[in-house]
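> Quick one, what's the 3D model for this:
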Amino acid sequence: MVVTGSLYLTAVLTTETVGSKTMFLPGETTSGHHQIEASCASCHTPFQGVTNAACLTCHGEELTAVDDSHPRSKFTDPRNANLLTRIDALSCTTCHLEHKPAMTRAMGVTLPDDYCYTCHADVGKDRPSHNGMSFDSCASAGCHNYHDNTALYEDFLAGHGSEPDVRDRGQVAVRSLLDRLRRRGAVPREGLASLPSDAPSTVRIETARLKDLEATSHAQAGVNCTGCHAGESGPGARRWVNRPSERACATCHDGEVKGFHEGKHGMRLASGLAPMRPALARLAMKPAARDRDLSCASCHSTHDFDTRRAAVTACLECHDDGHSRAYELSPHYTLWLREQGGSAPAGTGVSCATCHLPRRRSRENGAEIVAVQHNQNANLRPNEKMTRTVCLDCHGLEFSLSALADSQLVATNFRG
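Sure, this is the predicted structure:
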């Protein structure tokens, strides 16, 4: 049988050898997708190219949550049909083409900076304040974002315009995972006073491991050895797993694992690839960490689960870019040390995780739930998204937006 053209390429791209896939890339992949460039099927559908469905598999929930200001429904409305003759706003790839490094701008946009003008050329008629503005200023001035304006829309700006730079009682919300699991009946109401191992007799458990576990929230929740080491086997199964994967964590931490898979730390696992390693990152990473596989246990350790370590130390063990190195010289780190030393209330310290793994609030059966968003990239696309999820806990709106717009201040980790 003779296999030609696209059929041959499709056959090559479905092999398991990473090199045989990436060698056919038509150009450099963006920083948002480069980790999964070896999983071509994550984005490409044979004979159809990149469909909207592929994009929305990862980004659909995010767009819904931010109340997308340019949703598909806006352009399927017959009253706006004429706009589609100017720009195909129904297709994600109209604005976001991969493998085009020479024309790729911030947020993976591959249209010129004047693309807003295509539809908004007459904006000055409705908004006299916009008369005389440059044709490319919609995209470059920092006032508007195509999809997400949750921190920039006028009513919100007006309602928060007079806030002080620093709030009197700034602090983040306290996590409530354990209470939620107890209400669900997922863990016992009482913890383990002591921790006799429930591991099979054929498994040797070191005493030091049990001592580590006794001081953790897992012990407080009544979680014994099989809670994790048999957690991948399903209800009623007791097959012991020496090194549990994130599937065991998801038994109780489903939201956290979901966020982990959506972010840069876990997106390779979600695409069926080997775990992310710092060696694959485009940000500067410490050489000693380059071959470390990233999993839940990379930050939370394996038995002591110290969230304080996960909030700072685990991050700085890998990250070596200027922003990360500047953290320990920042006012935020001083606040973190005060909280850890007991001289400041819980939630007043600012760790790496405070900003990049923010607390998120939701409701379940009438009760408020405070959990941690483990997609560390969720509030960086664009970074104004950090305003509502993090900055406003401690700062006023004008101060927050000004700080996030100052690239030099970001580089010094807000010291200055």
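> Enumerate every residue touching Thr307.
Contact partners of Thr307, counting by C-beta atoms under 8 Å, 6 or more residues apart in numbering, are His300. Placement of C-beta: from N, CA and C, glycine included.
> cool, His96 as well?
Residues touching His96, when contacts are defined by C-beta under 8 Å, 6+ apart, comprise Cys55, Gly108, Val109, Thr110.
> Distance of the first one relative to Ser42?
Counting by C-beta to C-beta, to the nearest Å, the separation of Cys55 from Ser42 is 10 Å.
> Which one's more surrounded, those two?
When Cys55 and Ser42 are compared for neighbours, Ser42 comes out ahead with 19 against 16, by other C-beta atoms under 10 Å.
> Can you give me the pLDDT of the closest residue to Cys355 other than its chain neighbours?
Taking C-beta to C-beta, 6 or more residues apart in numbering as the measure, Cys355 lies nearest to Val390, with 5.0 Å between them; neighbours along the chain are not counted. pLDDT recorded at Val390 is 95.
> re the thing from before, out of the contacts of His96, which comes closest to Ser176?
Proximity of the contacts of His96 to Ser176, judged by C-beta to C-beta, is greatest for Cys55, which lies at 33.3 Å.
> Where does that closest one fall, secondary structure wise?
Here Cys55 sits within helix 52-65, counting by DSSP states H and E.
> Quick one: residues in contact with that helix.
Outside helix 52-65, the residues within contact range by C-beta under 8 Å, 6+ apart are 42-45, 71, 90-93, 96, 147-148, 262, 378.
> next one: stretch 84-92
Counting by C-beta under 8 Å, 6+ apart, 50, 52, 55-56, 70, 72, 74-76, 83, 94, 115, 118-119 sit against stretch 84-92.
> That stretch spans what distance, first to last residue?
Stretch 84-92 has an end-to-end distance of 13 Å (criterion: C-alpha to C-alpha, to the nearest Å).
> Could you list the buried residues of that stretch?
For stretch 84-92, the buried set under the neighbour-count rule, 16 or more other C-beta atoms under 10 Å, comprises Ile87, Ala89, Cys92.
> closest to Ile369 among those residues?
For Ile369, the nearest member of the buried residues of stretch 84-92 is Cys92. The distance, counting by C-beta to C-beta, is 31.6 Å.
> can you give me the strands in this structure?
Shown for the chain, the strands assigned by DSSP state E span residues 44-45, 49-50, 359-364, 367-372.
> Can you say which of those is nearest to Leu178?
Ranking the strands of the chain by their distance to Leu178 (criterion: C-beta to C-beta) puts strand 367-372 first, at 11.1 Å.
> between the closest one and strand 359-364, how many degrees?
Following axes from the mean of the first three to the mean of the last three C-alpha atoms, to 10 degrees, one obtains 150 degrees for the angle between strand 367-372 and strand 359-364.
> ok, and what's touching strand 367-372?
Surrounding strand 367-372, the residues in contact under the criterion C-beta under 8 Å, 6+ apart are 173-177, 179-180, 183, 255-256, 259, 353, 357-363.
> ok, now stretch 284-303?
With C-beta under 8 Å, 6+ apart as the contact definition, stretch 284-303 has outside contacts at 209, 212-213, 216, 245-246, 249, 253, 257, 260, 265-266, 269, 274-279, 306-307, 309-310, 314-315, 317-322.
> Kindly check the end-to-end length of that stretch for me.
Between the opening and closing residues of stretch 284-303 lies a distance of 29 Å (C-alpha to C-alpha).
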